[in-house]
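Undergrad: have a look; sequence and predicted model below, questions after that.
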Amino acid sequence: MTAENQLSVPNGITLITGGARSGKSDLAQRLGQSWDGPVWVIATATAGDVEMATRIERHKSERPKDWITAETRLTLTSVIRKVPDDALVILDCVTMWVANCLLDEFDVVAMEQETAAFLSMASRRKAPVVIVTNEVGLSIVPENELARLYQDMLGRVNQALAQVAERVLFLSAGRVT
């Protein structure tokens, strides 16, 4: 895929996936910057330690000042419901959202229902939706139960996202492959 195609934002949902530090958030930001209208970022990360707080602040400082950031740990639908229909939405990221849900002992069925409801709302939007998520299925099967549940749930959520997305972009070393 050419750089020009990466920076065009088709209507509907674009799913960006790849490994940690592969450039997913950077690509999502560039897609947002190519949009002529307003941009909303739905941020799911929480600062559990100093290093994570620094990461979150870096992400915020790199965004254009006129973008609106809405933070949520668990309910994606409560935020997307508030976003004007002409605003491009960047959800960054599903990886953290699934972790939040599991660590807060969010019921797995409730997580699947929240995913389906979010996708229903996202797919009906006039403006594009860009979703960032990690691909964790390329590694070994984790040793402990919580890590296996996390890998399984993120895999299921990612599959649900990919099924309704107009395009799926896989990043490796900063490049769409």
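TA: Thanks, I have it. Bear in mind the structure is a predicted one, so any value in this text is a computation, not a measurement.
Undergrad: and residue 100, what does it touch?
TA: Going by Cβ atoms under 8 Å, 6 or more residues apart in numbering, residue 100 touches 44, 46, 73, 74, 106. The C-beta positions use only the backbone N, C-alpha and C, and glycine is treated the same way.
Undergrad: and the helix or strand residue 156 falls within, how far from the chain's centre?
TA: Per DSSP states H and E: residue 156 is located in helix 145-164. Centre-to-centre, helix 145-164 and its host chain are 13 Å apart (Cα atoms, centre = their mean, to the nearest Å).
Undergrad: low-confidence ranges in the chain?
TA: 1-7 (pLDDT under 70).
Undergrad: what segments of it are helices?
TA: With DSSP state H as the criterion, the chain has helices at 3-6, 24-33, 50-62, 76-80, 94-103, 108-123, 145-164.
Undergrad: tell me what angle the fifth one forms with helix 50-62.
TA: Taking axes from the mean of the first three to the mean of the last three Cα atoms, to 10 degrees, one finds that helix 94-103 is oriented at 140 degrees with respect to helix 50-62.
Undergrad: mind listing what's buried in helix 94-103?
TA: 94, 95, 96, 97, 98, 99, 100, 101, 102 (16 or more other Cβ atoms under 10 Å).
Undergrad: before we move on, the earlier item: tell me the two of the contacts of residue 100 that are most distant?
TA: Pairwise distances across those peak at 13.8 Å for 46 and 106 (criterion: Cβ to Cβ).
Undergrad: which one of the contacts of residue 100 is nearest residue 134?
TA: Relative to residue 134, the closest of the contacts of residue 100 is residue 44; by Cβ to Cβ it sits at 12.1 Å.
Undergrad: my read: the closest one touches residue 92, true?
TA: Yes. Using Cβ atoms under 8 Å, residue 44 is in contact with residue 92, at 7.2 Å.
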